[in-house]
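K.L.:
sharing a model that was predicted from the sequence below.
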Amino acid sequence: MSSAATPPSALPRGATGFFRPEDGPVPETDRRAFRAALHAAARAAGGDVDDVEEQAYPRSFHSATIRSGSGEAVVLCHAHHPWIAFARERRDWYTEEFLAPPPWSDAFAHLGFTVLDRATLCLPLADVDTSALTPTERRAVRAYGITTLGGVLFNAWD
């Protein structure tokens, strides 16, 4: 069974994927590490990796599909922080459309990623410490009417 973890107690700058160059650089999740974790997870699932799509503006995440005999899951990887989530289908943004981490999600944790569970991703944003976000990020959250943690992390704001 997988062990999902929660994100840091306060969301770090860049969590929204929305930033201005004058605010300074935000970290980037290692794409090669994500691909390695995808293949490790696919092996653990007895399946294959399909449709890897790297983050492109304005999306805040990379995505891929893992297909196995027990079905398929879309894997979401935050572009700036090593957070992993799962969904049933591909979208440009998510609010509450997350799945529970599959048993093979431990492969991501073993390679340094934090696997977020559905309950964490569906937390009301009012229950999350957003004080470290820049004013630009906070304005974007308000402007797009985002109300869940997952909506802040996995989005396509323009």
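P.N.:
Arrived safely. Residues are numbered from 1 along each chain as shown.

K.L.:
shouldn't residue 33 be within a strand?
P.N.:
No: under DSSP: H, G, I helix; E, B strand; the rest coil, residue 33 falls outside any strand and is assigned helix.

K.L.:
could you pull up the residues touching the closest residue to residue 129 other than its chain neighbours?
P.N.:
Setting aside the residues directly before and after it, residue 129 is nearest to residue 10 in space (Cβ to Cβ, 6 or more residues apart in numbering), at 4.0 Å. C-beta coordinates here come from the backbone N, C-alpha and C atoms, glycine included. By Cβ atoms under 8 Å, 6 or more residues apart in numbering, residue 10 lies in contact with 129-132.

K.L.:
now residue 96, what's its secondary structure?
P.N.:
Taken by three-state DSSP, the conformation at residue 96 corresponds to coil.

K.L.:
I'd like the distance between the residue nearest to residue 129 and residue 130.
P.N.:
Residue 10 sits 8 Å away from residue 130, going by Cβ to Cβ, to the nearest Å.

K.L.:
cool, and residue 103?
P.N.:
32 Å.

K.L.:
between the two, which one's more packed in?
P.N.:
Neighbour tally, residue 103 and residue 130, criterion other Cβ atoms under 10 Å: the higher count belongs to residue 130, 16 against 12.

K.L.:
buried stuff in stretch 112-127?
P.N.:
Within stretch 112-127, the residues that count as buried by 16 or more other Cβ atoms under 10 Å are 113-118, 120-123.
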